[in-house]
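J.: I would like to see how this sequence folds:
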Amino acid sequence: MSASNPGPVRRFFSGAWRVVDISRRVVLNLLFMVIVIAVIVALAKSGPLPLADKTALVLRIDGTIAEQKSGNLRSTALDQVRGEAVQKVQLRDVLAALDAAADDPKISSLVVVLDEMRPTGFSTLREIAAAIDRFKASGKKVVAWGSGYDQRQYYVASHADEIYLHPLGVVYIAGFGGLRNYYKDALDKLGVTVNVVRVGTFKSAVEPFIANEPSAPALEADKVLYGGLWKTYVDAVEKERKLAPGSIMRGIDEAPQRLAAAGGDTARFALAEKLVDALKTRDELRALMIERGAKDSDENTFRQIAFDDYLGHVKPRLTGDAIGVVVAEGDIVDGTAPAGTIGGLSTANLIKKARDNKDVKALVLRVDSPGGSPFGSELVRRELELTRAAGKPVVVSMGNVAASGGYWISTASDEIVADAATITGSIGVFALLPTADQTFAKLGVHPAGVGTTWLRNAYDPRLPLDPRLATLAQLGVENTYRDFTSKVAAARKTTVEKIDAVAQGRVWTGAQAKERGLVDTIGQFGDAVRSAATRAKLGDKPRIVYIERDPGKFAQLVSMLNAQVESLVGAQLDARIGAAVGVAPQLVHGAARDLGWVADIAERRKPFAAIVHCLCGEPN
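T.: Numbering: from 1, shown residues only. Sure, this is the predicted structure:
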């Protein structure tokens with residue numbers, strides 16, 4: 001029988017198979033359609049449950065508050081898998097929730113609980129305090145409760161209508177300042193020499209590596225800086241609490257006597273100083289809020305919604321003309337970098353992306369950076385310059401720190417808006433060239449070899465620094481400083497000489513920088529957005545779009561694993577070293593960070609590379 005003329009049995013099974021195959025496809029397609037429809041319906045029905053009347057918004061911050069979450073996802077995915085609190089809360093989320101709640105008729109009050117808030121920059125705290133003030137301006141009550149308040153937590157709490165403290169709590173306000181480690185003797189014992197070339201009388205970032213104590217100019221600058229920050233803090237708290245000027249300082253100066261008068265009871269001491277309105281336990285707070293609002297019978301508490309849950313009720317505008325926001329947070333490096341670090345190339349690409357977006361009519365650069373690479377800084381600055389040349393206004397909003405390279409990238413803008421407590425300036429340049437020739441000599445190791453030019457081995461950390469290379473480095477640093485001050489002078493429409501007088505590596509608060517012509521406006525992020533909107537003729541409440549780079553899935557996974565290993569190993573090393581030398585692990589970590597920074601510079605082997613970094617951070 002030929003293959004072209006199959007028999008009846010074969011035709012039967014062939015037909016049966018076609019029926020089965022068609023049936024299978026129909027069933028699978030129907031199943032697929034059911035799944036698709038179910039997903040669509042679920043998405044359509046998904047979203048937050050509607051709020052009931054008299055709901056209190058609870059602002060409970062677990063972790064530190066940052067401009068953006070870190071690019072390695074350690075603060076999100078790993079913490080969630082382990083069941084731990086998210087370590088970083090985005091400032092934009094807190095502001096969005098508070099501003100939306102102020103206009104939400106379902107939200108009747110705000111409860112602020114900051115027991116788990118970790119160290120956060122002063123300017124960031126001022127942003128949150130201003131948002132609380134806007135909430136209060138809507139006529140709604142704000143209550144703060146804490147088992148205790150440190151200085152940062154209390155600053156935010158002071159903006160509440162009422163502050164409650166646990167009967168066993170304490171309000172601890174100690175002022176700004178702190179101690180730094182100085183490593184000269186330790187490095188001498190190790191045989192390590194940190195050769196420094198710099199421009200700027202006040203560029204004191206390098207002093208810990210070449211001295212055993214701060215210089216007189218460094219002490220002078222720090223006193224002015226911390227004094228300005230302390231005045232900003234004290235004036236605001238005394239105003240909010242309706243205290244007489246000088247009350248806080250008198251309370252600190254006379255703390256031993258006043259605490260003795262309170263019988264050693266720190267909570268009663270805080271009450272007597274009018275820092276809090278009453279002492280209440282958590283259940284007493286709960287009863288008060290039920291009385292003022294409504295009871296949630298299911299949970300046996302007051303009707304409430306957590307701020308992160310409330311974010312689901314905040315509906316951003318998705319279409320129309322917008323203000324683009326690029327976040328520049330962290331150290332500045334040359335190439336690409338994840339969120340939390342400013343990659344010169346990757347951040348410049350984000351700015352270009354905003355410039356090429358037809359919906360983006362103006363750009364706000366949110367800066368929170370102590371600086372880093374001059375080249376990376378210039379890549380960012382140049383893209384901002386091109387954005388302005390394309391007809392799109394650029395406004396810089398300075399956060400906690402916008403110093404050195406952080407100031408460099410801010411110069412190509414139509415306006416610089418800084419908070420009164422922003423750490424800025426530090427217009428200076430330095431280079432570090434550490435050598436360990438004495439260490440090798442002590443060990444009996446004698447490096448030797450040849451090179452086709454004197455430069456080949458001019459900077460080998462195993463050898464003393466060649467004076468000719470030191471000369472080249474100094475020339476390079478001086479040239480970078482001239483370039484830096486020239487760019488600042490052109491941007492500020494003044495002379496290089498006038499900029500040099502307020503530069504020299506000196507750090508200023510935002511308020512002090514305004515007095516010296518380094519910033520245009522004292523304000524906050526919202527002020528920068530409104531300025532950009534006005535310049536672009538977008539009205540009072542423009543749409544805001546954050547221009548960010550999403551890492552790929554594989555990169556996320558690798559980064560997460562690397563971060564986890566680093567975290568576990570680093571913690572073990574810090575603990576073991578600390579135990580060996582008898583000091584706290586956090587002190588070991590600080591020293592490791594300082595000295596590791598120097599080692600990293602040596603490892604890069606770029607002797608001509610200048611650095612525009614203040615080696616500073618948020619004030620303590």
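
J.: State the pLDDT value of residue 20.
T.: pLDDT for residue 20: 67.

J.: all strands of the stretch 151-300 of the chain, in order?
T.: 162-165, 193-199, 278-279, 295-296 (DSSP state E, counting those that start in this stretch).

J.: by contact count, what packs against the first one?
T.: To tie it back to what came earlier, the one meant is strand 162-165. If contacts are counted by 3 or more Cβ pairs under 8 Å, 6 or more residues apart in numbering; DSSP states H and E, strand 162-165 sits against strand 141-146, helix 266-272, strand 278-279. To be clear about C-beta, it is placed using only N, CA and C from the backbone, and glycine gets the same treatment.

J.: can you check the longest one too?
T.: When contacts are defined as 3+ Cβ pairs under 8 Å, 6+ apart, strand 193-199 sits against helix 207-210, strand 429-435, helix 467-492.

J.: Name every strand pairing with that strand and say which way it goes.
T.: Strand 193-199 pairs in its sheet with strand 429-435 (antiparallel), by DSSP bridges.

J.: Hmm, residue 166 is touching residue 282, no?
T.: Yes. Residue 166 is within contact range of residue 282, at 7.5 Å (criterion: Cβ atoms under 8 Å).

J.: Touching both of those two, which residues are there?
T.: residue 145 (Cβ atoms under 8 Å, 6 or more residues apart in numbering).

J.: Which of those two has more residues huddled nearby?
T.: In this view residue 166 and residue 282 are compared by other Cβ atoms under 10 Å, and residue 166 has more residues nearby, 19 against 12.

J.: Quick one: residues contacting the nearest residue to that one once chain neighbours are set aside.
T.: Leaving aside its chain neighbours, residue 166 sits nearest to residue 147 (4.5 Å; criterion: Cβ to Cβ, 6 or more residues apart in numbering). Residue 147 makes contact with 115, 165, 166, 168, 169, according to Cβ under 8 Å, 6+ apart.

J.: Mark which of these are buried, thanks.
T.: Using 16 or more other Cβ atoms under 10 Å as the burial test, the contacts of residue 147 include 115, 165, 166, 169 as buried.

J.: Would you mind giving me the confidence score for the third one?
T.: If you check residue 166, the pLDDT there is 98.

J.: gap between it and residue 240?
T.: 21 Å (Cβ to Cβ, to the nearest Å).

J.: Beta-bridge partners for residue 109, please?
T.: Bridge pairing for residue 109 - DSSP bridges - gives residue 56, residue 141.

J.: what about it, neighbour count?
T.: 21.

J.: Now do the contacts for it.
T.: Residue 109 makes contacts with 56, 57, 140, 141, 142, 143, 289, 292, 293, as judged by Cβ under 8 Å, 6+ apart.

J.: Between those residues, which sits nearest residue 498?
T.: For the contacts of residue 109, the closest approach to residue 498 (Cβ to Cβ) belongs to residue 142, at 44.4 Å.

J.: looking at it, the closest one is touching residue 163, isn't it?
T.: No. Using Cβ under 8 Å, residue 142 makes no contact with residue 163, being 9.7 Å away.

J.: where does this structure have low pLDDT?
T.: Filtered on pLDDT under 70, the chain yields the residue ranges 1-17, 19-21, 36, 38-47, 71-86, 550-609, 620.

J.: Quick check, central residue of it?
T.: Most central in the chain under Cα atoms, centre = their mean is residue 66, positioned 3.8 Å from the mean C-alpha point.

J.: thinking again about what came up before, so can I have TSV of the buried ones among the contacts of residue 147 showing distance to residue 92?
T.: Formatted as TSV, the buried ones among the contacts of residue 147 follow (distance: Cβ to Cβ, whole Å):
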residue	distance to residue 92
115	23
165	30
166	31
169	31
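
J.: May I have the distance across stretch 512-519, first residue to last?
T.: Distance across stretch 512-519, first residue to last, is 9 Å (Cα to Cα, to the nearest Å).

J.: I meant stretch 510-525, not that one.
T.: End-to-end for stretch 510-525, by Cα to Cα: 14 Å.

J.: Kindly report the same for stretch 296-309.
T.: One end of stretch 296-309 sits 16 Å from the other (Cα to Cα).

J.: From the chain's centroid, how far away is it?
T.: Distance of stretch 296-309 from the chain centroid (Cα atoms, centre = their mean, to the nearest Å) equals 30 Å.

J.: So which residues make contact with it?
T.: Residues contacting stretch 296-309 (Cβ under 8 Å, 6+ apart): 48, 51-52, 54-60, 93-94, 97-98, 111, 286, 289-290, 293-295.

J.: for stretch 446-461, same thing?
T.: 433-437, 440, 462-463, 465-466, 468-469, 602, 605, 607.

J.: and the residues you listed, which are buried?
T.: Counted by 16+ other Cβ under 10 Å, the contacts of stretch 446-461 give 433, 434, 435, 436, 437, 440, 463, 465, 466, 469, 602, 607 as buried.

J.: ok, so of these, who is nearest residue 491?
T.: Among these, and counting by Cβ to Cβ, the member closest to residue 491 is residue 607, at 29.9 Å.

J.: Skipping its backbone neighbours, what lies nearest residue 271 in space?
T.: Nearest to residue 271 is residue 279, by Cβ to Cβ, 6+ apart, at 6.2 Å.

J.: wait, that neighbour sits on residue 164?
T.: Yes. Look at residue 279 against residue 164 with Cβ under 8 Å: they come within range, at 7.1 Å.
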